[in-house]
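> When you get a sec, could you give me coordinates for this:
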Amino acid sequence: MNSLVQPAIANARTISYRWWALIALALAQFLVVLDASIVNIALPSLGSELHLGTNTLSWVITAYVLPFGGLLLFGGRLSDRFGNRRLFMIGVAGFALASAAAGLATSGAWLLAARAIQGASAALLAPAALALVTKLFADPRDRAKALGIWGAVAGVGSAAGVLLGGVLTASLGWSSVFYVNVPVAALVLAAVPFLIAKDSLGENVSLDVPGSASVTAGIVALVAALSGTEQVGWTAPQTLVLAGLAVVLLGSFIFLEKRASNPLMPLGIFRNKSVTGGNLAMFLIGGATTGLFFALSVYMQQVLHYDALKAGLTQLPLAGALVAVAGVVPAAVKAIGTRKTLSASLILLAAGLIWLSFSPSDATFAANLLGPSILIGIGLGGAFVSGTELAVNGVSDGEAGLASGLVNTSQQIGGAIGLAVLTTAASSRIDRLLGRGAAEAQALTGGFSWVFLGAAALAIIGAIVVLAIGRSSSSSKVSD
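Numbering: from 1, shown residues only. Below you'll find the model as predicted:
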């Protein structure tokens, strides 16, 4: 009798405390998203202390998002197999330990290794956390509110990273941007056992290790090929070999998934047009935002000569607009539908990025940066919330971990590829302008304007894709 009563009590406690549980889960997700952007402001400081060149600095970001994005699908499947809460706790613990190791780094190799472990740990906790959210909030109205909060946290994490990174770097040094994760992760680890009941093991099936290995290696090869073009060019043997290897590995992944008895990513999930549209949108949003915050951080410090604190504080209007808009997105979704809300948000994001691309080398915050920042914040707030909701719409509980891993994968891999492509284009533009005799500040400004315009193009493509997929879908009414 006792064996039946105890689980019932635990589940009742979880239902009673589910909004508190959401706060704990969202706090962990905040750290995961934060760490893709918080390092941006600290890059000049840590690069100087660890003797890292400009080309290596972007890998401090890439070393995190690559294993994060590459292993998310596998993390989602592990979550479905071994339990969402269990994998979440393991991921949070690993993330905290890797963050401490990154703060202690005394060389570039040490830092990049710690960042990679951070990313791998994030790949465990992120899909498990979102899967727990979808299970805790089964009622459509409550789930819409919960996913609204979840999407807002993702957006705020990206924007707050630059703000918090500036404050911490200026006051405590670059290592503090990593140490800050440790107490927050410890708080989450202490709270979750009291808020969320233990979960049972999933169906005892084999895990798709070949699929996981092929997709992760393929993504790494692709990003390495794109990143290397800045130094060796698009037609160099290194670029061609890595690109060819990426095509072979990713093609092998699709081949393996079609024949696997328990595939890492059942391709049938993409018959759900909401999942397809949402993930394409999050892929493009990831590329746009990662490129934006990297370029904006360097532009403010190297061109406008803001110190780390000032560069961080200038992100307050963007973050404020994002938070304010995220709170009203569920109402917008109810009024006009998820797809239209997402598309409108992406258009607003693109408009803000285009406006930002006209900022000169002697820009002032009030005249040139404030307006675009607010518009970008409005677009990001709507895009993160509605994109997340669209990507997990109509998914069964048995595939909650998969869908959660997939949406995070799309965002992170989009970020890695977008950063590689946009920074390569910017470097090419900078070199050409310098070759024509332009001053360094003007050349850098010209390069960063290309990043902002490229990010705007990604947002516009996302808006078009979401609307086009929705129109062609016989199930579009579900997502509207």
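> quick check: domain ranges of this protein?
2-194+264-472, 208-263 (automatic domain parsing).
> Let's have those in JSON lines, adding mean pLDDT.
Listed next are the domains of the chain as JSON lines, based on pLDDT from 0 to 100:
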{"stretch": "domain 2-194+264-472", "mean pLDDT": "82"}
{"stretch": "domain 208-263", "mean pLDDT": "81"}
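> Please identify the deepest-packed of the ones you listed.
Counting by mean count of other CB atoms under 10 Å, domain 2-194+264-472 has the highest mean neighbour count of the domains of the chain, with a mean of 22. In this view, the C-beta of every residue, glycine as well, is placed from N, C-alpha and C.
> My read is that residue 42 contacts residue 169, right?
Yes. Residue 42 is in contact with residue 169 according to CB atoms under 8 Å; the separation is 4.5 Å.
> where do the contact lists of the two overlap?
Each of 177, 308 lies in contact with both residue 42 and residue 169 under the rule CB atoms under 8 Å, 6 or more residues apart in numbering.
> got the contact list for residue 342?
278, 281, 382, 383, 386, 387, 390, 463, 466.
> distance of the residue lying closest to it once chain neighbours are set aside from residue 392?
The shortest distance from residue 342 to any non-neighbouring residue, by CB to CB, 6 or more residues apart in numbering, is to residue 386 (4.0 Å). Using CB to CB, to the nearest Å, we find residue 386 at a distance of 12 Å from residue 392.
> Distance to residue 323 added to the contacts of residue 342, as a markdown table?
Listed next are these as a markdown table, based on distance: CB to CB, whole Å:
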| residue | distance to residue 323 |
| --- | --- |
| 278 | 22 |
| 281 | 21 |
| 382 | 12 |
| 383 | 14 |
| 386 | 15 |
| 387 | 17 |
| 390 | 21 |
| 463 | 22 |
| 466 | 23 |
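> any chance you could map the strands in this protein?
Along the chain, no stretch is classed among the strands by DSSP state E.
> ok, now which ones touch the closest residue to residue 390 other than its chain neighbours?
Take residue 390 and drop its neighbours on the chain: the residue closest to it by CB to CB, 6+ apart is residue 278, 3.5 Å away. Shown in contact with residue 278 (CB under 8 Å, 6+ apart): 342, 387, 388, 389, 390, 391, 392, 393, 407.
> Assess the claim that the second one and residue 285 are in contact.
Which is residue 387. Yes. The criterion here is CB under 8 Å, and residue 387 meets it with residue 285 at 6.0 Å.
> Surely the residue nearest to residue 342 is in contact with residue 334?
No. Assessed by CB under 8 Å, residue 386 is found out of contact with residue 334, at 11.3 Å.
> Now do the helices in the stretch 301-450 of the chain.
Here the stretch 301-450 of the chain has its helices, by DSSP state H, counting those that start in this stretch, at 308-313, 316-326, 329-336, 338-357, 370-391, 400-435, 440-472.
> Run through the neighbouring helices and strands of the third one.
The contact analysis (3 or more CB pairs under 8 Å, 6 or more residues apart in numbering; DSSP states H and E) places helix 329-336 against helix 140-172, helix 338-357, helix 370-391.
> No further questions, thank you.
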